[in-house]
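1. Let me see the structure of the following:
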Amino acid sequence: MDMRSGSNKLIAHIIKHHQGIKPHCAYLFYNKTGTRLKVLVHDGLGIWLCTRQLDDSKFHGLGKQLNLASAQTGLTINQEQFNALING
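-> Residues are numbered from 1 along each chain as shown. Prediction:
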């Protein structure tokens, strides 16, 4: 995914690869180097987009190669992992 994409393009990507955007779900996009991520969240009322960028390091666990099938169908993280992504 092009990290210059805004919320509309990210929503279109989710709809194309999933059956729609589900309330109370977050969708994570990150670059190849694992230094920039975008989280698109449907909070039940609307959609918000959070962007994080690291200069000196990278997000742990994102640099590992993911199974393409998993990346296409989505990954599940728990609340603690989600909080760590959002809060840094």
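2. now stretch 38-49: mean pLDDT?
-> For stretch 38-49, mean pLDDT is 89.
3. That one: end-to-end distance?
-> In stretch 38-49, first residue to last residue: 7 Å (Cα to Cα, to the nearest Å).
4. can you check stretch 29-47 too?
-> 15 Å.
5. Touching the longest helix seen in the chain from outside, list them.
-> In terms of residue count, the longest helix belonging to the chain (DSSP state H) is helix 7-17. If you take Cβ atoms under 8 Å, 6 or more residues apart in numbering as the criterion, helix 7-17 is touched by 1-2, 5, 20-21, 27, 29, 38, 40, 47, 49, 72. The way it works is simple: take the backbone N, C-alpha and C, and place the C-beta from them, glycine included.
6. what's the burial count for residue 38?
-> When neighbours are defined as other Cβ atoms under 10 Å, residue 38 has 20 of them.
7. hey, what's it bridged with?
-> residue 29, residue 51 (DSSP bridges).
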